[in-house]
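*Asks:* Here is the input, now give the coordinates:
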Amino acid sequence: MTQIDTSKADNISLPLPPERQDAGEMAVYARFMQHLRHVPNSRMSIKVLSAIQFTADMQDHSDAHVAKLLVDLGLRAPRMAFPADFLTFIDQALMRDEWDVAGPSEALCDLRQYWNENGEDRFVAFKRDYPRVSEDAALV
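*Replies:* Numbers count the residues shown, from 1 in each chain. Down below sits the predicted model:
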């Protein structure tokens, strides 16, 4: 019988409370941590994704904004624990240098390093399916 190694999948670092006194960041952090305990699932990555989506709905923010704020506060989790919009954003940002416009922040670079250390696919940004415009040609 094959046994699945879930030790790397549960290697998640939860965020720390915000250092500066910003009511918006603290509200997002508190709502996320509160809901994280109540998600009825044994997989931590599913709990994180569910808590991000719940927090975004309750705070009337996008999923990507809440995920970015939590990553800036120190959240480190596998790719499957983040919403698709945030993954699109981070893949596009990581294709640029740190000093470029729309380049990755220090927290995003740390998240990339976390993913690389935990065996995530390094080329997943290039494996996306981009829609193509196709026009029907009429033969006359």
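*Asks:* my guess is Y114 meets G74, correct?
*Replies:* No: Y114 lies out of contact with G74 (Cβ atoms under 8 Å); the separation is 10.6 Å. Where C-beta positions appear, they are placed from N, C-alpha and C, glycine not excepted.
*Asks:* pLDDT below threshold where in the protein?
*Replies:* The model of the chain has pLDDT under 70 over residues 1-10, 127-140.
*Asks:* For it, which segments are assigned as helices?
*Replies:* Per DSSP state H, the chain carries helices over the ranges 23-38, 44-59, 63-72, 84-94, 106-117.
*Asks:* what helices or strands is the second one leaning on?
*Replies:* Right, the one you point to is helix 44-59. With contacts defined as 3 or more Cβ pairs under 8 Å, 6 or more residues apart in numbering; DSSP states H and E, helix 44-59 has these neighbours: helix 23-38, helix 63-72.
*Asks:* Can you list the helices and strands that the first one packs against?
*Replies:* Spelled out, it's helix 23-38. Counting contacts by 3+ Cβ pairs under 8 Å, 6+ apart, helix 23-38 packs against helix 44-59, helix 63-72.
*Asks:* export those helices to JSON lines and tack on mean neighbour count and distance to A84?
*Replies:* Shown next, in JSON lines, are those (neighbours: other Cβ atoms under 10 Å; distance: least, Cβ to Cβ, whole Å):
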{"stretch": "helix 44-59", "mean neighbour count": "19", "distance to A84": "10"}
{"stretch": "helix 63-72", "mean neighbour count": "22", "distance to A84": "8"}
